[in-house]
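Q: Have a look at this fold, sequence not included:
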């Protein structure tokens, strides 16, 4: 299967169509009749853009209440993509980056700070994430690792300032996942480390061992 | 609004204002690729997490024999958004691709070895299979 995908890829009008086998159900069932093979399909989409080394944190969980269009008991996934160009906070506002024996924290709370998140997205979220920039107090982007686990936070710290995202037609100002427990996290860097570089050494899928929540808050 | 306070003590009133999700798993993954092989690794990794296709297969053979293709529904496919990936500027892949570009892959999944002969069947059915490209489809 892997060879087939590699061998049949071709570029068509800026869209690369990788076909492995059949372009239609008709073809599939014609084959089914002759080779007794039943053919099913998986469709996958990827979009490519240029950059250096981005890392995403995807968090999946179950809604524990009916709110904002989310249904209790249903599974939802939210994604934070780290800006690998983050070079550190100037410390204005709520503080800045902290690298100590007890925590690693990247904390962009000033309009002068580079974006910590290049993208934030997830089920039910509509729009394009934009770091709050209406005033110096508005930005609130935090990535933190300490004894409580991993925290990913994208918010506006000023009421009525949006972050470009909407849920069920309503603007939101906060999406945060916290107490994400990942084994063997080392958070004792004592000097700045690029957040993408840091998270890149922990790529993998982890099952929550209890605890961990995501909050989506509207303005 | 003190968001730290809200997070430290989520209460009933707060739940009326927000969507709260209890975390089940966390995935940290690189979103940058430098080669086709890296892309394929991401693709195959994502495939492993797909749920089984929710098929009703009991009566398919009889339906095909009766030229009844009504079972061809959306349940016969899984559309899996792969998200946005990024290409390392200095990679060979970056030289090959004119970015941004959208990639769509289709593949067959599962041969069933004991699928019996279905005899003479007219394969022309009125509802052609469509896996149409949706420009507005959410990617991540």
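A: The structure has been received and is ready for your questions. Fair warning: this is a prediction, and the values are worked out from it, not measured in the lab. Numbering: from 1, shown residues only, chains lettered A, B, ... in the order given.

Q: remind me which residues of chain A are low pLDDT?
A: Along chain A, segments meeting pLDDT under 70 span A:1-53, A:93.

Q: and if you look at chain B?
A: Filtered on pLDDT under 70, chain B yields the residue ranges B:1-19, B:51-58, B:71-81, B:106-140.

Q: so where do the helices sit in chain A?
A: With DSSP state H, the ranges of helices along chain A come out as A:2-8, A:25-35, A:195-200.

Q: Following the chain onward from the longest helix seen in chain B, which element is next?
A: As assigned by DSSP H, the longest helix anywhere in chain B is helix B:36-47. Remark: after helix B:36-47, the chain's next helix or strand is helix B:60-65, criterion DSSP states H and E.

Q: Could you give the number of residues near residue A:160?
A: Using other C-beta atoms under 10 Å in any protein chain shown, residue A:160 has 10 other residues around it. All C-beta spots, glycine's among them, are computed from the backbone N, C-alpha and C.

Q: That one is in contact with residue A:219, isn't it?
A: Yes - under the criterion of C-beta atoms under 8 Å, residue A:160 makes contact with residue A:219 at 5.9 Å.

Q: show me what contacts residue A:146?
A: Residues near residue A:146 by C-beta atoms under 8 Å, 6 or more residues apart in numbering or on different chains: A:102, A:103, A:104, A:105, A:187.

Q: sorry, back to before: identify the contacts common to residue A:160 and residue A:219.
A: By C-beta under 8 Å, 6+ apart, no residue touches both residue A:160 and residue A:219.

Q: For the closest residue to residue A:210 other than its chain neighbours, give me its contacts.
A: What sits nearest to residue A:210 in space, not counting adjacent residues and going by C-beta to C-beta, 6 or more residues apart in numbering or on different chains, is residue A:181, at 7.4 Å. Each residue near residue A:181 by C-beta under 8 Å, 6+ apart is listed here: A:149, A:150, A:206, A:208, A:209, A:210, A:211, A:212.

Q: For residue A:119, see how far away residue A:181 is.
A: Distance, residue A:181 to residue A:119, by C-beta to C-beta, to the nearest Å: 24 Å.

Q: Then residue A:137?
A: Distance, residue A:137 to residue A:119, by C-beta to C-beta: 23 Å.

Q: what do you get for residue A:201?
A: 21 Å.

Q: Please identify which of the two sits among more neighbours.
A: Shown here are residue A:201 and residue A:119; by other C-beta under 10 Å, residue A:119 has more neighbours (20 against 10).

Q: Can you give me every residue that contacts the more buried one?
A: The neighbours of residue A:119, taking C-beta under 8 Å, 6+ apart as the test, are A:79, A:80, A:81, A:128, A:129, B:84, B:140.

Q: Spatially, which two of the residues you listed are the most separated?
A: Distance extremes for the contacts of residue A:119: the farthest pair is A:80 and A:128 at 14.1 Å, using C-beta to C-beta.

Q: ok, these two, which is more surrounded?
A: Neighbour count, other C-beta under 10 Å: between residue A:80 and residue A:128, residue A:80 has more, with 26 against 11.

Q: Please report how far the more buried one lies from residue A:63.
A: 18 Å.

Q: do the same with residue A:200
A: To residue A:63, residue A:200 is 30 Å away according to C-beta to C-beta.

Q: ok, those two, which is more surrounded?
A: Using other C-beta under 10 Å as the criterion, residue A:200 and residue A:63 rank with residue A:63 on top: 23 against 18.
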